[in-house]
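Q: Here's my sequence, what's the structure:
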Amino acid sequence: MDLTRQRRMRLWGEFQFVRQKGQSAAGRFLVIGSLGDSALSDRRFGLITSKKAGKAVTRNLLRRRFREIIRKHGDHLPQRHMIVTIARWRASQATFQELEADWIKTVKRLKIWQDSPSDPS
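A: This is a model prediction of the structure:
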């Protein structure tokens, strides 16, 4: 799954909308917020890495890792959903495999994981 510009959340208001209206679940290394919105044409993803996660190099590494996890597993999420991934301060100490396992576990806890990918693109 490609993370094209149309699939990325960039405006602070979108992040706030998911936070206020959606549901969230916390994992060991991250927090995921989710909101189904029938006005969307596709999935939308947003990443938040605050300075609590580390210096700029560390935050950029976390963003690259989360984008790769979303590319690998984003097709297992339902259409017309907004998903926000927030890195916790512990995320900088985790390996890619630990982040990936925690992301999948947290998405399943939100009950939005679909066993068969819904979009093969």
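Q: In the chain, which residue is most central in space?
A: The residue at the geometric middle of the chain, judged as the C-alpha nearest the mean C-alpha position with CA atoms, centre = their mean, is Thr85 (3.5 Å).
Q: Now do the contacts for it.
A: Going by CB atoms under 8 Å, 6 or more residues apart in numbering, Thr85 touches 30-32, 45-48, 66, 70, 103. C-beta coordinates here come from the backbone N, C-alpha and C atoms, glycine included.
Q: Take those and keep only those in strands.
A: Judged by DSSP state E, strands contain the following of the contacts of Thr85: 30-32, 45-48.
Q: looking at it, Asp102 is touching Arg90, isn't it?
A: No: using CB atoms under 8 Å, Asp102 is not in contact with Arg90, being 9.6 Å away.
Q: can I get the ones in strands among the contacts of Thr85 in JSON lines with pLDDT?
A: JSON lines is the format used below for the ones in strands among the contacts of Thr85 (pLDDT from 0 to 100):
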{"residue": "Leu30", "pLDDT": "96"}
{"residue": "Val31", "pLDDT": "96"}
{"residue": "Ile32", "pLDDT": "96"}
{"residue": "Phe45", "pLDDT": "94"}
{"residue": "Gly46", "pLDDT": "95"}
{"residue": "Leu47", "pLDDT": "95"}
{"residue": "Ile48", "pLDDT": "95"}
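Q: ok, those vs Phe96, which is closest?
A: For Phe96, the closest of these turns out to be Leu30, at 12.9 Å, with distances computed as CB to CB.
Q: ok, that closest one - contacts?
A: By CB under 8 Å, 6+ apart, the neighbours of Leu30 are 66, 85-88, 91, 99, 102-103, 106.
Q: which ones are touching Ser116?
A: Ser116 sits next to His76 when contact means CB under 8 Å, 6+ apart.
Q: From Leu30, how far out is it?
A: From Ser116 across to Leu30, the span is 24 Å (CB to CB, to the nearest Å).
Q: Dump the contacts of Leu30 to JSON lines, plus pLDDT.
A: Rendered in JSON lines, the data for the contacts of Leu30 read as follows (pLDDT from 0 to 100):
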{"residue": "Phe66", "pLDDT": "96"}
{"residue": "Thr85", "pLDDT": "96"}
{"residue": "Ile86", "pLDDT": "96"}
{"residue": "Ala87", "pLDDT": "96"}
{"residue": "Arg88", "pLDDT": "96"}
{"residue": "Ala91", "pLDDT": "96"}
{"residue": "Leu99", "pLDDT": "97"}
{"residue": "Asp102", "pLDDT": "97"}
{"residue": "Trp103", "pLDDT": "97"}
{"residue": "Thr106", "pLDDT": "96"}
